[in-house]
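In: just the structure for this:
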Amino acid sequence: MRKLALILVFASVMTFAQVNRFIYEYSFRADSTKTDSLKTEWMYLDVADKGSVYYSKTAFEADSIINESLKKQLASGTRNISMSRQNYASSITYKVEKSYPSYQSLLITEIGNERYKVTEDRTINWKISSEKKQVGEFNAQKATGQFAGRSWTAWFTTDIPIQEGPYKFHGLPGLIVAVHDGTGSHRMELKGVKKMAAVNQETLDTKGKDIPLIGRKPIDVTRAQYVKLLKQYENDPVQGMRELLNRPNSTVKINVNGTEYSDSKDILKLMEKTARDNLAANNNRIELQP
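Out: Okay, the predicted model is just below:
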């Protein structure tokens with residue numbers, strides 16, 4: 001009865017062109033060298049009539065709080081803008097959009113101080129197996145495929161007949177309710193379904209102030225361009241901040257554990273260490289080959 005209710009909910013959502021939210025638990029080992037680096041994020045896959053978007057619940061809530069804080073600061077006319085994501089521990093800052101009927105995938109992600117929209121040009125050639133099992137409430141069937149340097153096993157259900165799934169995964173004869181890579185270090189499993197109105201995050205008016213990652217549209221790039229930018233960042237993770245600090249009349253202050261830094265050399269040194277530590281601690285990306 002529960003499964004039937006979920007199917008009926010989905011049908012009603014599509015009838016009224018509302019959003020059907022599929023809630024996935026995403027477990028991943030961030031650092032391949034440490035068995036205790038396992039993290040878990042709740043991810044939303046919001047499916048509407050023209051496409052879908054996959055994103056982190058925590059990151060969305062954090063961005064909403066930050067936007068409200070910045071809105072108040074900008075309204076007050078202050079010259080010094082303060083923003084931080086450190087209090088909102090989300091490891092997932094990207095989101096994936098798919099458009100129908102082509103299922104073209106777009107990755108919206110950050111590199112340094114910029115946000116990019118990357119067009120996916122690869123497909124997954126799924127091999128559907130006769131093997132079946134129960135995944136939560138659903139009867140699921142197995143499929144395997146290669147994508148971005150990993151071998152993936154997916155379980156899909158024809159109980160919900162859409163070619164959707166978490167992240168960039170799609171193209172099977174039903175919703176992907178579980179998927180994991182060959183190492184077991186990346187796992188996504190459907191945990192809930194709900195009907196709701198479409199959610200659109202407000203674009204903040206920065207009133208002419210240059211605030212990194214805020215109030216800017218993502219820069220459209222090809223996957224080849226993205227790979228080049230990613231390598232440049234890994235080689236010099238503070239290039240963007242260095243350029244920002246070198247702008248005329250640019251003043252940047254950072255606070256680390258209660259200590260404020262305003263000297264550009266100190267800021268760059270601290271930020272480079274933080275960036276390199278972060279890269280080392282997150283070496284097991286979902287895409288081994290972006």
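In: list the residues that contact G51.
Out: Contact partners of G51, counting by CB atoms under 8 Å, 6 or more residues apart in numbering, are 97-100. Where you see a C-beta, it was placed from the backbone N, CA and C, and this is true even at glycine.
In: what is the nearest of those residues to Q134?
Out: Relative to Q134, the closest of the contacts of G51 is K98; by CB to CB it sits at 26.9 Å.
In: the helix or strand harbouring that closest one - contacts with which helices or strands?
Out: K98 belongs to strand 95-99 when assigned by DSSP states H and E. For strand 95-99, the elements it packs on are strand 51-56, strand 104-111, judged by 3 or more CB pairs under 8 Å, 6 or more residues apart in numbering; DSSP states H and E.
In: ok so, going back, turn the contacts of G51 into TSV, including neighbour count.
Out: Shown next, in TSV, are the contacts of G51 (neighbours: other CB atoms under 10 Å):
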residue	neighbour count
E97	16
K98	23
S99	12
Y100	15
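In: mind checking the SS state of the residue nearest to G171 when sequence neighbours are not counted?
Out: Closest residue to G171 apart from its sequence neighbours, by CB to CB, 6 or more residues apart in numbering: Q163 at 5.5 Å. Of the three states, Q163 takes coil under DSSP: H, G, I helix; E, B strand; the rest coil.
In: residues near Q163, how many?
Out: By other CB atoms under 10 Å, the residues close to Q163 number 17.
In: same question for the one 5 residues further on.
Out: Close neighbours of K168, defined as other CB under 10 Å, add up to 21.
In: skip the chain neighbours and tell me the closest residue to the most centrally placed residue in the chain.
Out: Nearest residue to the geometric centre of the chain (CA atoms, centre = their mean): Y94, 2.5 Å. With sequence-adjacent residues excluded and distances taken as CB to CB, 6+ apart, Y94 is closest to T109, at 4.0 Å.
In: of the helices and strands packed on strand 95-99, which stretch is the most buried?
Out: Ranked by average neighbour count under the criterion mean count of other CB atoms under 10 Å, the helices and strands packed on strand 95-99 are headed by strand 51-56 at a mean of 22.
In: sorry, back to before: which of the contacts of G51 sits closest to G136?
Out: For the contacts of G51, the nearest to G136 is K98 (22.7 Å; CB to CB).
In: the residue nearest to G171 reaches L172, doesn't it?
Out: Yes. Using CB atoms under 8 Å, Q163 is in contact with L172, at 6.2 Å.
In: for the residue nearest to E131 when sequence neighbours are not counted, give me its contacts.
Out: Once flanking residues are discounted, E131 sits nearest to K142: 4.2 Å by CB to CB, 6+ apart. Going by CB under 8 Å, 6+ apart, K142 touches 128-129, 131-133, 153-155.
In: again with Q289
Out: 148-149.
In: got it, and Y233?
Out: So Y233 contacts 111-112, 239 (CB under 8 Å, 6+ apart).
In: least confident pick among those?
Out: When the contacts of Y233 are compared on pLDDT, G112 comes out lowest, with 84.
In: what distance do you get for that one to K273?
Out: G112 sits 15 Å away from K273, going by CB to CB, to the nearest Å.
In: those two: which is more packed in?
Out: Neighbours of G112 and K273, each counted by other CB under 10 Å, are more numerous for G112; the result is 20 against 12.
In: next up, phi/psi of that one, please.
Out: In terms of degrees, to the nearest 10, the main-chain angles of G112 are phi 60, psi -120.
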